[in-house]
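Colleague: Here's my sequence, what's the structure:
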Amino acid sequence: MKIVAVDSCVLTVPTPKPIALQFPQHKLVVAEISTDAGVSGLGYSLAFGGGGAEAIQVYLDTRLKPVLIGEDPLFVERLWERMFRADMGIKKQGVAAYALSALDIGLWDIAGKIAGLPLYQLWGAVTDRIPAYGSGGWARYSVEDLVGEAERYAGLGCRYYKMKIHHPDPRENRKRVEAVRRALGERVRLMVDVNQRLDVLGNIRQAALLEDLDLVWYEEPVLADDIAACAEVSEKIRIPVATGENNYTRYEFRELIERRAARYLMPDVCRANGYSETLRIARLAAAHSVAVSPHVVHELSLHIVGALANGFLVEFIDWTPPDLFEEMPPCKDGHFQIPQRPGHGMALAKGAVKKYRSSA
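Modeller: Next up, the predicted model:
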């Protein structure tokens, strides 16, 4: 079996309210890998908010696609290594990592279809039912928007909700967290996300105001590039730190682990160089008793958590329109049942490319 074509496009997809208050649209960089055996694989990377999607597609088409044409798609690890090393002048971070991720996801989709197995079973299943946390609570939400979103996720059975703490006054962030706590009571535990906005001292002050709220984690406190600062925050505050959505390789995650910079690691399968590298990261974390809770794209991340003894939660951001994919896994009682379809089980809906394809 040989790869005969890789067809890519960018889809621009509007988001619903209240998410649209912060991000009016997201973009998907989609790659369909076709073989001479008639089996194809779907890969895609989510460019949150749309930034950089066109650059990702250009890098995919010009630098990585030529590596795959004519090759056997079942040699997934070999092809991953070739893509990772194809352009030694560019570190596999940012745009390059998003591009490689989309292709690696598509290759694994083919492998699962040929094996007739969903990916989590192909990798060695631990569970087929994954708990989720509702995620959102962005800075542009009013308190009413924030509470309404949290209650909607709680209504789906989610026992966890994550919100942003972006206000420059840490006391205002405390007030917003308290508003959600009052609305949800003890039935839902909360996480907060700094999104890299503070320095070490700012995080120490902010975390001190939140310590009594029994938060599950305190996320991405400092710039993702500054692992030393993240480790210092982790040492100084009394809330467990989570980070990793903006780290890309096992080497970065190795440093996070060795510096004890986080108790929860959050690789994003669309950023961390695909399924192949995300699995390596997760198993490295397991060797150090660190939990893994992947960032966004829950429909793809389910398979990762389903194959991990140290998997924790998937992040559920309910933003996709019903006509984007043929079928999204439904959230029931706060959990996702992993689809039993071979591969990752996701397919674009008929007409989705025509409707959402970017003109630029």
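
Colleague: Please list all residues in contact with Tyr275.
Modeller: Contacts for Tyr275 (Cβ atoms under 8 Å, 6 or more residues apart in numbering) come out as 104-105, 108, 119, 269, 300, 303-304. In short, each C-beta sits where N, CA and C put it, glycine included.

Colleague: Mark which of these are part of helices, please.
Modeller: Taking DSSP state H, the ones among those that sit in helices are 104-105, 108, 119, 300, 303-304.

Colleague: Tabulate those (a markdown table), appending neighbour count, pLDDT and distance to Leu284.
Modeller: What follows is these, written out as a markdown table (neighbours: other Cβ atoms under 10 Å; pLDDT from 0 to 100; distance: Cβ to Cβ, whole Å):
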| residue | neighbour count | pLDDT | distance to Leu284 |
| --- | --- | --- | --- |
| Asp104 | 30 | 98 | 17 |
| Ile105 | 29 | 99 | 20 |
| Trp108 | 27 | 99 | 19 |
| Leu119 | 28 | 98 | 19 |
| Leu300 | 28 | 98 | 20 |
| His303 | 30 | 98 | 18 |
| Ile304 | 24 | 98 | 13 |
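
Colleague: got JSON lines for the residues you listed, with distance to Pro329 too?
Modeller: Shown next, in JSON lines, are the ones in helices among the contacts of Tyr275 (distance: Cβ to Cβ, whole Å):
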{"residue": "Asp104", "distance to Pro329": "21"}
{"residue": "Ile105", "distance to Pro329": "16"}
{"residue": "Trp108", "distance to Pro329": "17"}
{"residue": "Leu119", "distance to Pro329": "13"}
{"residue": "Leu300", "distance to Pro329": "10"}
{"residue": "His303", "distance to Pro329": "11"}
{"residue": "Ile304", "distance to Pro329": "14"}
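
Colleague: Counting neighbours, which bits of stretch 100-117 end up buried?
Modeller: Buried residues in stretch 100-117, counting neighbours by 16 or more other Cβ atoms under 10 Å, are found at 100-114, 117.

Colleague: Helices of this protein, start to end?
Modeller: 53-59, 65-68, 76-85, 94-115, 119-122, 143-155, 170-184, 200-208, 227-236, 250-258, 274-286, 298-306, 352-356.

Colleague: Reformat those helices as CSV; add distance to Ala20.
Modeller: Formatted as CSV, the helices of the chain follow (distance: least, Cβ to Cβ, whole Å):
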stretch, distance to Ala20
helix 53-59, 18
helix 65-68, 33
helix 76-85, 34
helix 94-115, 23
helix 119-122, 32
helix 143-155, 11
helix 170-184, 19
helix 200-208, 27
helix 227-236, 31
helix 250-258, 32
helix 274-286, 29
helix 298-306, 19
helix 352-356, 15
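
Colleague: Quick check: which of these is nearest to Gly38?
Modeller: helix 94-115 (10.4 Å; Cβ to Cβ).

Colleague: for that closest one, packing partners?
Modeller: On a contact count with 3 or more Cβ pairs under 8 Å, 6 or more residues apart in numbering; DSSP states H and E, helix 94-115 meets strand 25-35, strand 40-47, helix 53-59, helix 65-68, helix 76-85, helix 119-122, helix 274-286.

Colleague: Could you say which of those is packed most deeply?
Modeller: Neighbour counts (mean count of other Cβ atoms under 10 Å) averaged over each of those peak at strand 40-47, with a mean of 25.

Colleague: With just CA atoms, put that strand into CSV.
Modeller: Below are the C-alpha coordinates for strand 40-47, written out as CSV (Å, rounded to 0.1, in the frame of the first residue of the first chain):
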residue,chain,number,x,y,z
SER,A,40,-7.9,7.2,3.3
GLY,A,41,-7.0,8.9,6.6
LEU,A,42,-8.3,12.2,7.9
GLY,A,43,-6.0,14.4,9.8
TYR,A,44,-6.5,17.9,11.1
SER,A,45,-5.1,20.5,13.4
LEU,A,46,-7.2,23.1,15.3
ALA,A,47,-5.8,26.6,15.0
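
Colleague: Listing partners with orientation, what would you give for that strand?
Modeller: Paired with strand 40-47 in the same sheet, following DSSP bridges, are strand 25-35 (antiparallel).
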